[in-house]
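K.L.:
Sequence first, predicted coordinates after that:
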Amino acid sequence: MRILLVEDETKVGNAVSEGLRAEGYEITWAQSGEEGFFHASSQGFDLIVLDVMLPGRDGIEVLHTLRKQGSRTPVLLLTAKDAIEDRVLGLDAGADDYLVKPFAFAELSARLRALLRRNKPEPAGVFAIAGLEIDPIRRTVTREDQRIDLTAREFELLEYLARNHGRVVSREMLARDVWKEGGRVTPLDNVIDVHVARLRRKMDDPFETKLLHTVRGVGFTLSEDGS
Amino acid sequence: MSGLLRANLRTRLTVLYASLLGAALLLYAGGVSVFFLHNLQEQLDLSLHRDVETVEGALSADRNGELQISSREGEADEDDLDRGYLLEVWSADGKLLYRSEQLRDQPLGAVPTGSPDSNRQHAHSLRLPSGMRLRSISRVHHLPDGKAVIVRLAVSQEPLWHEFWEMVTVLGIGLPVTVILVALTGYLVAARALKPVDSMAQRAARITAEQLNERLHIENPDDELGQLGSAFNATLARLERSFDQLRRFTADASHELRTPLTAIQSVGEVSLQMPGDVSYYRDTIGSMLEETNRLTQLVDSLLTMARADAGRIQLHRVEVNLFDLADETVGLLEVLAEEKHQSILIDGNRSISVTADRTILRQALVNLVHNAVKYSPTNGDIRIRIRETERDAIVEVQDYGPGIPPEHRARIFERFYRVDKARTRAEGGTGLGLSIAQWAVSIHGGRIAVECGPKPGSVFRISLPKTVSTVTTTAGHD
């Protein structure tokens, strides 16, 4: 998968391209709007991550021109301002998604995956992770053939973690995707932590192998090795 | 005219008053003059009538039919045409029987023709070829022998006109003098009355952001200038309060921002100096990221409030059932209460609805309930009560926490205001929860207040108007 990253801030650009390379993407990093536009119109990419605030030609402008030329590559906008106008402007110009800075890398990675598998149905089958089986249709969870009773919210939490199995999910992603809370102003961190603790008590505590891990400062992950 | 419009107030007032006065006086003088002239003429006409009767009494005819005038007393003499009358007597067939010498053959009208009666004339003005203005009357008189003669009598109008012009001259000189005197006095009076404006303006010009505690000196609070000054002083007081709040807010905000920044810096520096393994470094970085998250939340909250202050948040009003909203809020936060063995009870009227932006109103309630859970002790209950008064729908959140000391109650909704600085920061939170709640309520035209609970603890009360108000203020700190 080839991703074009257009970002003028060196630190952010470095971190994002390194992080995405580690996830197996092939990254081209352009540091200005002109450079980004040149790459985008001369090579084929599977996805473009475009910063809005760029010197010279800004992201919206680049995106607008690309769309006018008929490019249909999915574009994720990075905006520094959490302003409605910006989002509307971005989506009007033809962006497929946007992310407000500062963003968690886990979130960026999740959004990119979502954009790349667009139009492809999500795997609907049973998740099986190290003896843990989650059936999204019958909404049942078993571990080593023992049935685990979960509340609706706990089940949704576990299902979301299972879908992102092996990757870290941030509290913000959980707040938005599981709790459906939009703003970052609602104090949900404590609520999420309590639910995670309860889930852990039910599905991890009775067993030797721990699956649900807290990654300090980032979020949570469901994986066998706890990295 | 445009120059005059730009001139200062006292000049404009003076010019205006002087013009009005001048116009009024001119009208008055005109009226008086016309009346005076009319009166003079009437008097003249009266004496004319008296004279003509006297003269008629003195007319007779001798045996030959010649006209005799028995007395010519009162006829004008050579030296003074202006005194006494001038006389012409005509026969009915148009023959001149007598003409005063002083007329020097100048006729007092055309030669009479036709029937004698057609030559009757009321008092009227005429002018002799010599330029002399006369008032004349013409009558038909029957001499004792029955013969009709036409008597024309005239008196000079010159004294009348002289008197009239004298009066007009007096008025013509007196009027502008009066107007000028009044204008000068008026200018001085206006200058005196407006003097406080100068001193107020000078004082106001000296007031800057650093000296907002200065006030204008007000001589008489009841007059117009005093009211203006009071209004200005009130504005200054509000400005001073806003500036104070802003200053405090800036100081508090930088403090709140500095706290996580300090943590990041010291954690980073210390761990760089310490030899450690991977898990140690992971922990360090995680700790730094936690502070970053705090910063992000803080900045997001500040941004939200800034947008609210700028009035850039639009309400999407829908019908919101308050009981349902409370239920939903409890559903969200219940786990936190359960961890502390608290229960959240909702009671009251299930059917009360308001028209409000659900997301924003929910934010207010979530923040209040979250606070209640945070500050209530283990096993303490939290009560949410929904009720209504005639005008308002009311949501009360009651906790059994330590309560808020009265001296803090007024300021508890200010941004970053904390009753117990150390404690709250340790519990997390941005210090903006209550001010966001207050903003969320007041943007709906409602009020938020805190009171002492029945036991130790507090009651936070949200009052929302039941009818949709058109309030679109962004009051966040008022």
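P.N.:
Arrived safely.

K.L.:
C-terminal to the longest helix anywhere in chain A, what's the next element?
P.N.:
Counting residues, the longest helix found in chain A (DSSP state H) is helix A:189-203. Note on helix A:189-203: by DSSP states H and E, the next helix or strand toward the C-terminus is strand A:212-215.

K.L.:
ok, back up a step: tell me which residues of the longest helix of chain A come out buried.
P.N.:
A:189-196, A:198-200, A:202-203 (16 or more other Cβ atoms under 10 Å in any protein chain shown). Using the backbone N, CA and C atoms, a C-beta is placed for each residue, glycine as well.

K.L.:
Give me the neighbour count for residue 69.
P.N.:
Unless you meant another one, I'm taking chain A. 10 (other Cβ atoms under 10 Å in any protein chain shown).

K.L.:
not what I meant, chain B
P.N.:
14.

K.L.:
who's in contact with it?
P.N.:
Contacts for B:Ile69 (Cβ atoms under 8 Å, 6 or more residues apart in numbering or on different chains) come out as B:55, B:58-59, B:98.

K.L.:
And those, which is closest to B:His217?
P.N.:
Minimum distance to B:His217 across the contacts of B:Ile69 is 82.6 Å, recorded for B:Val55 (Cβ to Cβ).

K.L.:
Distance of the closest one relative to chain A?
P.N.:
Distance check for B:Val55 against chain A: by Cβ to the nearest Cβ, to the nearest Å, it reads 106 Å.

K.L.:
burial count for that residue?
P.N.:
Neighbours of B:Val55 using other Cβ under 10 Å come to 22.

K.L.:
you'd agree it is up against B:Val151?
P.N.:
Yes: applying Cβ atoms under 8 Å as the test, B:Val55 and B:Val151 come out as touching, 6.6 Å apart.

K.L.:
joint contacts of those two?
P.N.:
Joint contacts of B:Val55 and B:Val151 (Cβ under 8 Å, 6+ apart) are B:Leu87.

K.L.:
Point out where chain B drops to low pLDDT.
P.N.:
B:1-6, B:421-429, B:468-478 (pLDDT under 70).

K.L.:
Check the contacts of B:Ile69 and tell me the two furthest apart.
P.N.:
Using Cβ to Cβ, the two most remote members of those are B:Ala58 and B:Tyr98, lying 11.1 Å apart.

K.L.:
Chain B: strands as residue ranges?
P.N.:
B:59-61, B:67-69, B:85-91, B:96-99, B:121-127, B:133-142, B:148-156, B:317-321, B:344-348, B:353-357, B:382-388, B:392-398, B:447-452, B:458-465 (DSSP state E).

K.L.:
quick one: contacts for the residue in the stretch 51-200 of chain B that chain A sits nearest to?
P.N.:
The nearest approach of the stretch 51-200 of chain B to chain A comes at B:Met200, 42.6 Å away (Cβ to the nearest Cβ). Going by Cβ under 8 Å, 6+ apart, B:Met200 touches B:216-217, B:225, B:228-229, B:232.

K.L.:
again, but for A:Phe105
P.N.:
A:15-16, A:19.

K.L.:
Just the pLDDT for it.
P.N.:
With respect to pLDDT, A:Phe105 scores 90.

K.L.:
Okay, strands next: where are they in chain A?
P.N.:
Using DSSP E, strands in chain A cover A:2-6, A:26-30, A:47-51, A:75-79, A:97-100, A:127-129, A:132-135, A:140-143, A:146-148, A:168-170, A:212-215, A:219-222.

K.L.:
okay, which residue is most central for chain A?
P.N.:
Residue closest to the mean C-alpha point of chain A, counted by Cα atoms, centre = their mean, is A:Ala110 at 2.1 Å.

K.L.:
List the residues that contact it.
P.N.:
Here A:Ala110 is in contact with A:164, A:167, A:169, A:173 (Cβ under 8 Å, 6+ apart).

K.L.:
How much space separates the closest residue to B:Thr378 other than its chain neighbours from B:Ala372?
P.N.:
Once flanking residues are discounted, B:Thr378 sits nearest to B:Lys340: 4.9 Å by Cβ to Cβ, 6 or more residues apart in numbering or on different chains. Distance of B:Lys340 to B:Ala372, given as Cβ to Cβ, to the nearest Å: 11 Å.

K.L.:
Which one of these two is surrounded by more residues?
P.N.:
Neighbours were counted for B:Lys340 and for B:Ala372 using other Cβ under 10 Å; B:Ala372 has more, 27 against 14.

K.L.:
how deep is A:Gly19 tucked in, by neighbour count?
P.N.:
A:Gly19 is flanked by 15 other residues according to other Cβ under 10 Å.

K.L.:
residues contacting it?
P.N.:
Here A:Gly19 is in contact with A:105, A:108-109 (criterion: Cβ under 8 Å, 6+ apart).

K.L.:
closest to B:Leu46 among the residues you listed?
P.N.:
Distances from B:Leu46 to the contacts of A:Gly19, taken by Cβ to Cβ, are shortest for A:Leu108, at 115.8 Å.

K.L.:
Next, count neighbours for the closest residue to B:Asp105 other than its chain neighbours.
P.N.:
Of all residues not flanking B:Asp105 in the chain, B:Arg99 sits nearest, at 7.3 Å (Cβ to Cβ, 6+ apart). If you count neighbours by other Cβ under 10 Å, B:Arg99 ends up with 18.

K.L.:
my guess is B:Arg99 contacts B:Gly109, does it?
P.N.:
No: in this structure, B:Arg99 is not within contact of B:Gly109 by Cβ under 8 Å, at 11.5 Å.

K.L.:
joint contacts of those two?
P.N.:
B:Glu88.

K.L.:
who in chain B is up against chain A?
P.N.:
Counting by Cβ under 8 Å from any Cβ of the partner chain, the residues of chain B close to chain A are B:282-283, B:285-290, B:292-293, B:296-297, B:300-301, B:303-304, B:307, B:332-333, B:335-336, B:338-339, B:359, B:363, B:366-367, B:370, B:428-429, B:433, B:436.

K.L.:
re earlier: closest one of the contacts of A:Gly19 to chain B?
P.N.:
Here the nearest of the contacts of A:Gly19 to chain B, counting by Cβ to the nearest Cβ, is A:Phe105; it sits at 10.3 Å.

K.L.:
give me the beta-bridge partners of the residue nearest to B:Asp105?
P.N.:
According to DSSP bridges, the partner residues bridging B:Arg99 are B:Glu88.

K.L.:
list the contacts for it?
P.N.:
For B:Arg99, the contacting residues are B:87-89, B:105, B:107, by Cβ under 8 Å, 6+ apart.

K.L.:
what's the distance between the nearest residue to A:Asp46 once chain neighbours are set aside and chain B?
P.N.:
Leaving aside its sequence neighbours, A:Asp46 sits nearest to A:Met1 (Cβ to Cβ, 6+ apart; 4.9 Å). Going from A:Met1 to chain B by Cβ to the nearest Cβ gives 27 Å.

K.L.:
No more questions from me, cheers.
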